[in-house]
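[1] pasting the sequence and the predicted coordinates here, then a few questions.
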Amino acid sequence: MTRGLTRSVVLVAVVLLALGVGGVGGVGGEVAVAETAAECETEADNALVGCWNGAHHSDDPAALGIDQSEGSDGLTEEQLADLTALKMARVESIRERPFESAVPVDVVSRERFAEDRAAIESDPEFARWNDQVWKALFVIGEDESSEEVINEVFSGAVAGFYSPVEDRIVIVVDDEEDVRVSPTTLLHELGHAMQDQYDDLSDPRYAGATQDADLGIDGAVEGEVVYLEAVYAERCAEEWACTPEPPDRVGDEPGSDAGEPNLGVLLTVLQPYSDGAPYVDELIEAGGWDAVDELMADPPATTRETIHREPFEPTPIEFVDTAEGGWETYENAGVDGADTVGEASLFVSLWYQSSAYGAGVMDHNDLFDTNHPYQDYNYSHPVTNGWANDELYPYRNDADGGGDADGAGDVDGTNGAERDGYVWVIEWETAADAVTFQEAYLQVLDAGDRDAEHRADGTYYVADGEFRGAYGVERNGTTLTIVHALESESVFELRPDIDLDRPDPDPDEGADPGVPDAPTVEYGDDRFPPVEPGEPVEPSDSDDDAVGFGVLAALIALVVTLLAARREARV
C-alpha cells in the first residue's frame with residue numbers, strides 16, 4: 001500500500017509535530033499526549049497519543065532486540081508484536097490521535113498468498129468488459145488479457161495489506177520461518193488501520209464505480225498514509241532511531257522470473273500515491289488534520305482533483321446507445337455499462353505510447369516533471385489538462401457474421417464470433433482542448449509501425465499488430481467521440497450517426513492526410529530514448545531530483561493497494 005521512500009533526503013514541507021503541554025487537537029477536541037517514555041507502562045496508557053502497549057514513539061527499536069540484518073534469524077512472534085506496538089505509537093504521534101483498539105498482524109508465506117489469489121474465481125464477463133477499457137488506453141493489445149497483465153503487476157510485489165473486512169494486517173513473507181518485515185510497510189498498513197477505525201474503509205464511499213473514481217478516492221486514502229510515511233522518514237533522519245529496511249529477499253529483485261511489469265498499468269496504479277500525498281500536505285498546511293478528516297468524509301471522485309489539488313465537478317455526458325447489428329453494452333458493469341478512465345489514465349496512455357512506441361505526444365521526462373517534494377511522478381500535461389469527463393462503453397457482439405469494409409472477413413479470422421469494440425465519449429473544457437487531444441490521439445494511431453491508413457469512409461485502419469483494427473474519431477465542439485472495432489464496417493454499426501472526416505482526395509505529395517505530423521521530440525542527446533514495452537524507464541541525468549524506475553523493485557514491493565483488496569480484477 002505504498003511507494004518506497006528511497007530518496008537519500010526526504011524534504012518535508014510541514015512543521016513536525018510539537019508535543020506541547022495539554023495535548024494535541026484530535027477527534028472530539030484535545031487528546032492527552034505521552035510526553036515521555038515513563039508515561040507508557042501499561043495498557044491503560046494506550047489512551048495517550050504516542051503510546052501503545054508500553055512502547056513510546058521515541059523508543060529505540062534496538063532495545064527491543066529487533067534485528068533484521070543479513071545473517072540474523074528474523075523476527076520472533078514477540079519481536080513482531082513489539083515492532084508493531086512501536087509503529088502504532090509513531091503513527092499516533094504523527095497523526096495526532098490515538099488508535100481505538102489493537103491491530104492484529106498476521107504473517108503468510110508468499111506461496112500461500114499466491115495460491116489464495118489464484119483460487120479467487122474471476123468473472124469472465126467483467127474481464128471481457130475491462131479488456132476494452134485498457135485496450136482503449138493503448139496499454140494492452142488485442143491479444144492480451146487485462147486480468148493477466150494486472151495480476152502480473154501485483155505478482156511478487158505484495159509485501160502486506162490491511163483488510164477492512166477482517167480488521168487485520170497481513171504481512172507477506174518469503175519464508176514463514178525467517179520473518180522479515182519492512183518497517184515502512186508495517187507503518188503504512190497501520191496508517192490504514194487507523195483510518196478504518198475512524199472512517200470505516202469498508203464504507204461504500206471508498207469504493208468507486210469507475211476507474212477514475214477509484215483512483216480519485218485512493219488519492220485521499222493513500223495520500224494520507226504516504227504523507228505519514230514522509231513525516232516518519234523525516235523523523236527517522238532527525239530524532240527517532242528507526243529499524244532499517246531488511247535486505248532484499250528472493251523474488252523482489254529486478255529481473256526475476258516474473259519479468260518487468262506493464263508500465264502503463266503500474267503507473268496508473270501509482271497515481272494516487274504520487275498525487276495524493278502532496279494534496280494532503282497542502283490541506284494540512286491550510287487547515288490542519290481537520291481538513292484531511294473532511295477529505296476522508298467526502299473523498300475525491302476524479303483523479304483531476306488530486307492531480308491539480310482542487311475540487312472539480314465533471315461536465316455531465318448524455319449518452320444514447322444507437323448501436324445496431326447485434327452490438328450490446330454490458331448492463332451490469334461499471335455505471336450503466338460505462339467506465340470513466342479520467343485524466344490520470346489519459347496521461348499514462350499518451351506518455352506510455354510516446355515513451356515506448358515513439359508517438360511523440362509527450363516527452364519522456366514529462367513523467368518526472370514534479371512540483372512537490374512528496375511527488376514521485378507527474379500526471380499533468382497540456383494535452384490532458386483540459387479533461388472534463390469521459391464515458392467509455394465497451395460493446396460485444398456474439399452474433400454470427402460481420403467482416404471488414406472490403407469484404408475480406410474479420411481481421412482476426414473469427415468470422416464475427418465474439419466481436420468486441422467500444423464507444424468512448426470524452427468531454428473537454430474547451431474546443432481547443434478537444435482539438436489538441438484529437439491530434440495527439442491520431443499521432444498514437446500512427447506511432448511505431450502502425451501507419452494508420454485513413455480510409456475513404458473516414459476510419460483509420462491499422463492492419464496488424466497489437467493495436468490493430470479500425471478507429472473512428474469525431475469531434476463536435478468540446479466533445480470527442482472515439483469508436484473502435486476490428487473492422488471499419490463495425491465502427492458504423494456501433495455508431496451509425498458518427499460523422500468522420502474523409503481524407504483529402506488529392507493530398508500533397510508525400511503527406512499523410514489522415515495523421516498530423518508529430519512534433520519533433522529530441523531524444524538523441526541528453527534524454528533517454530523511447531523504450532521497448534516492459535523495459536524500466538528513468539529520467540535523464542539532467543533531472544537530479546526525479547525518482548525514476550531504478551528504484552522500481554523497492555517501490556512495487558511496498559505497493560499493496562485497497563484497489564487490490566476491494567477489486568479482484570481491476571485497478
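    Looks like it came in fine.

[2] rest of the way, CA atoms for contacts and neighbours
    OK.

[3] wait, residue 150 sits on residue 265?
    Yes - under the criterion of CA atoms under 8 Å, residue 150 makes contact with residue 265 at 6.8 Å.

[4] quick one: the helices in the protein, in order.
    With DSSP state H as the criterion, the chain has helices at 77-95, 110-119, 124-136, 146-154, 183-199, 211-238, 263-297, 303-308, 342-357, 431-445, 488-494, 552-556, 562-566.

[5] possible to save those helices as a markdown table with mean neighbour count, mean pLDDT and distance to residue 459?
    Output for the helices of the chain, formatted as a markdown table (neighbours: other CA atoms under 10 Å; pLDDT from 0 to 100; distance: least, CA to CA, whole Å):
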| stretch | mean neighbour count | mean pLDDT | distance to residue 459 |
| --- | --- | --- | --- |
| helix 77-95 | 22 | 96 | 55 |
| helix 110-119 | 13 | 85 | 41 |
| helix 124-136 | 20 | 97 | 16 |
| helix 146-154 | 19 | 88 | 26 |
| helix 183-199 | 23 | 97 | 48 |
| helix 211-238 | 25 | 97 | 28 |
| helix 263-297 | 21 | 97 | 26 |
| helix 303-308 | 24 | 98 | 31 |
| helix 342-357 | 25 | 97 | 20 |
| helix 431-445 | 20 | 98 | 11 |
| helix 488-494 | 23 | 98 | 6 |
| helix 552-556 | 19 | 33 | 39 |
| helix 562-566 | 19 | 31 | 36 |
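
[6] pull the number of nearby residues for residue 210.
    Using other CA atoms under 10 Å, residue 210 has 22 other residues around it.

[7] separation between it and residue 302?
    9 Å (CA to CA, to the nearest Å).

[8] now do the contacts for residue 64.
    Neighbour list for residue 64: 79, 82, 83 [criterion: CA atoms under 8 Å, 6 or more residues apart in numbering].

[9] and the gap between the second one and residue 361?
    Residue 82 sits at a distance of 52 Å from residue 361 (criterion: CA to CA).

[10] nearest to residue 316, of the helices of the chain?
    Closest to residue 316 of those, according to CA to CA: helix 342-357, at 13.5 Å.

[11] what sits against residue 47?
    Contacts for residue 47 (CA under 8 Å, 6+ apart) come out as 32, 98, 99.

[12] sorry, wrong one. I was asking about residue 354.
    By CA under 8 Å, 6+ apart, the neighbours of residue 354 are 360, 361, 362, 363, 364, 444, 530.

[13] returning to what we had before: can you say which of the helices of the chain is nearest to residue 377?
    helix 263-297 (5.9 Å).

[14] packing partners of that closest one?
    Contact partners of helix 263-297 among helices and strands, from 3 or more CA pairs under 8 Å, 6 or more residues apart in numbering; DSSP states H and E: helix 146-154, helix 211-238, helix 303-308, helix 342-357.

[15] tilt between it and helix 77-95?
    Computed with axes from the mean of the first three to the mean of the last three CA atoms, to 10 degrees, the direction of helix 263-297 lies at 60 degrees from that of helix 77-95.

[16] off-centre distance for helix 263-297?
    Counting by CA atoms, centre = their mean, to the nearest Å, helix 263-297 is centred 13 Å from the centre of its parent chain.

[17] what angle do that helix and helix 146-154 make?
    80 degrees.

[18] quick check: angle from helix 263-297 to helix 211-238?
    80 degrees.

[19] okay, angle between helix 263-297 and helix 124-136 too, please.
    Using the same axes, to 10 degrees: helix 263-297 against helix 124-136 is 110 degrees.

[20] now do helix 263-297 against helix 183-199: the angle between them, please.
    40 degrees.

[21] what angle sits between helix 263-297 and helix 342-357?
    Here helix 263-297 runs at an angle of 160 degrees relative to helix 342-357 (the same axes, to 10 degrees).

[22] out of the contacts of residue 354, which are inside strands?
    Judged by DSSP state E, the contacts of residue 354 include no members of strands.

[23] beta partners of residue 421?
    Following DSSP bridges, residue 421 is listed with bridge partners residue 395, residue 485.

[24] picking up where we left off before, which residue in the contacts of residue 354 has the weakest pLDDT?
    Lowest in pLDDT among the contacts of residue 354 is residue 530, which has 43.

[25] now for the closest residue to residue 367 other than its chain neighbours: which residues touch it?
    Spatially, and ignoring its direct neighbours in sequence, residue 367 is nearest to residue 378 (4.9 Å; CA to CA, 6 or more residues apart in numbering). Residues near residue 378 by CA under 8 Å, 6+ apart: 274, 275, 366, 367, 368, 369, 370.

[26] 7 Å instead?
    For residue 378, the contacting residues are 366, 367, 368, 369, 370, by CA atoms under 7 Å, 6 or more residues apart in numbering.
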